[in-house]
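S.K.: Provide a 3D model corresponding to the input given below.
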Amino acid sequence: MSDPDDERKPIAEVLSGLAIQPLPDRWSPLEGIVLVKCLDEEGSPSWAFRTTAGLNDEELLGVLTVRIELLKDELVDSYDEE
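M.R.: Sure, this is the predicted structure:
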């Protein structure tokens with residue numbers, strides 16, 4: 001028997017009501033990661049992290065590492081502008 005938490009559903013169904021920037025024209029989505037700030041069952045803010053089935057740990061670590069470094073640069077730049 002499969003665990004209901006492992007059942008995958010369309011992103012639009014799971015994240016209904018949220019909106020994100022579109023992909024560039026002629027780009028086709030393949031895989032993704034999502035970090036969602038939620039209210040838990042007690043009404044407290046909490047975080048949920050989800051990935052599509054095709055991402056492996058090496059890809060995930062790589063993309064998160066690159067995003068962290070880009071975000072650091074953006075934050076330093078915004079601080080320097082002030």
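
S.K.: does Phe49 sit in a helix or strand, and which one?
M.R.: strand 45-51 (DSSP states H and E).

S.K.: and the longest helix along the chain, what's its mean pLDDT?
M.R.: Secondary structure of the chain per DSSP state H: the longest helix is helix 57-81. Averaged over helix 57-81, pLDDT sits at 94.

S.K.: so what touches it?
M.R.: Contact with helix 57-81 is made by 31, 33, 51, as judged by C-beta atoms under 8 Å, 6 or more residues apart in numbering. Heads up, the C-betas are built off the backbone N, CA and C, glycines and all.

S.K.: closest to Glu7 out of the residues you listed?
M.R.: Thr51 (14.2 Å; C-beta to C-beta).

S.K.: grab the nearest non-local neighbour of that closest one.
M.R.: Ile33 (5.0 Å; C-beta to C-beta, 6 or more residues apart in numbering).

S.K.: what residues are up against the one you found?
M.R.: 49-52, 55, 60, 63-64.

S.K.: hmm, try it at 7 Å
M.R.: Residues near Ile33 by C-beta atoms under 7 Å, 6 or more residues apart in numbering: 51, 55, 60.

S.K.: thank you, goodbye.
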